[in-house]
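S.K.: Starting from these lines, generate the structure:
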Amino acid sequence: MRYFWGKIQRMNFIVIIPSRYESTRFPGKPLADICGKPMIQRVYEQAAKAIEEVWVATDDERIVEAVKGFGGNVVMTSLDHRSGTDRCAEAVLKASEITGKTYDVVINVQGDEPFMQPDQIELIMECFTTSPDTEIATLIQPILKNEDIFRSDMVKVVLDNELNAIYFSRSPIPYIVRTDESKWLENYPFYGHAGLYAYRNDILQKLSKLKEGILERVESLEQLRWIENGFKIKTNVTDSDSFGIDTPEDLAQTIAGGIEKYNL
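M.R.: Here you go, the predicted structure:
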């Protein structure tokens, strides 16, 4: 998909879906059946509603065969990648070799989020089409329940005046002084990290070469490595719920609740 900023620059976007077969809590998760289609196909088809160029990046032949089976684009990547970000960095280079195209921005869509909405991809693309100097982008959501501020699995983000992320944390940030914790949401617009990343391709290649940072290690949040190294992360706000499938129980519960509401 191409966007134009006047006559200055043309941008090509590509979605990469990192997908590993091995999972401690859910082995074979990408191939798990969701009402007649494997999970990876559900993710792929949701992304394809927003953008033409979609590729799966995997290290497993079973996933390769599944993607080819539904007519999708797929590349094999190394077994040794530390993260989905690193897998995307290799995959976009391979996709470029296959297609002969140059991709300016890489959108990293998690392979375990089959209920992601296409408008989320459109929102993250806006970060680049409206701000040509954007290096990295991600989505955030307003936190609507006060108790969610204090959940360690709800990653909070603090922003500057231009919607760049200053910091991400599992702790409740910012700390509201002289205010009862039950009233924090009344005193500050807290945001949670909704996931989904996009990177300028040249920046992505640099990120894949960075060493693990101390903040990343203690918080277990990869994006802190980038902030530690001086990269800026632009954010955009989404109201769409986005969630990953971590276990077979998660998937069974979601299907039991009905998947029609996710517009698959």
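S.K.: In the stretch 101-250 of the chain, where is pLDDT below threshold?
M.R.: Residue ranges of the stretch 101-250 of the chain with pLDDT under 70: 242.
S.K.: any idea which element the spatially most central residue of the chain lies in?
M.R.: Centroid-nearest residue in the chain: residue 196, 2.0 Å away (criterion: CA atoms, centre = their mean). Assigned by DSSP states H and E, residue 196 belongs to strand 191-200.
S.K.: May I have the helix or strand just after that strand as PDB, with CA atoms only?
M.R.: Next along the chain after strand 191-200, taking DSSP H and E as the criterion, comes helix 201-207. Extracted in PDB, the C-alpha atoms of helix 201-207 (Å, rounded to 0.1, in the frame of the first residue of the first chain):
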ATOM      1  CA  ASN A 201      12.500  -0.300   7.800                       C
ATOM      2  CA  ASP A 202      15.900   1.300   8.300                       C
ATOM      3  CA  ILE A 203      15.100   1.800  12.000                       C
ATOM      4  CA  LEU A 204      14.000  -1.900  12.300                       C
ATOM      5  CA  GLN A 205      17.300  -3.100  11.000                       C
ATOM      6  CA  LYS A 206      19.100  -1.000  13.700                       C
ATOM      7  CA  LEU A 207      16.700  -2.300  16.500                       C
END
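S.K.: what's helix 201-207 packed up against?
M.R.: Applying 3 or more CB pairs under 8 Å, 6 or more residues apart in numbering; DSSP states H and E, one finds that helix 201-207 contacts helix 84-99, strand 105-108. Just so you know, the C-beta spots here come from the backbone N, C-alpha and C atoms, and that holds for glycine as well.
S.K.: Deepest-packed of these, please.
M.R.: strand 105-108 (a mean of 25; mean count of other CB atoms under 10 Å).
S.K.: Within its sheet, name the partner strands of that strand and how each one runs.
M.R.: strand 9-19 (parallel), strand 191-200 (antiparallel) (DSSP bridges).
S.K.: Report the backbone C-alpha coordinates of the shortest one in PDB.
M.R.: Coordinates of each C-alpha in strand 191-200 appear next as PDB, following Å, rounded to 0.1, in the frame of the first residue of the first chain:
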ATOM      1  CA  TYR A 191      -3.300   4.700  29.000                       C
ATOM      2  CA  GLY A 192      -2.500   1.000  28.500                       C
ATOM      3  CA  HIS A 193      -0.300  -0.400  25.800                       C
ATOM      4  CA  ALA A 194      -2.500  -2.100  23.200                       C
ATOM      5  CA  GLY A 195       0.400  -3.700  21.300                       C
ATOM      6  CA  LEU A 196       0.900  -3.700  17.500                       C
ATOM      7  CA  TYR A 197       4.200  -2.100  16.400                       C
ATOM      8  CA  ALA A 198       5.400  -0.500  13.200                       C
ATOM      9  CA  TYR A 199       8.900   0.600  12.300                       C
ATOM     10  CA  ARG A 200      10.600   2.400   9.500                       C
END
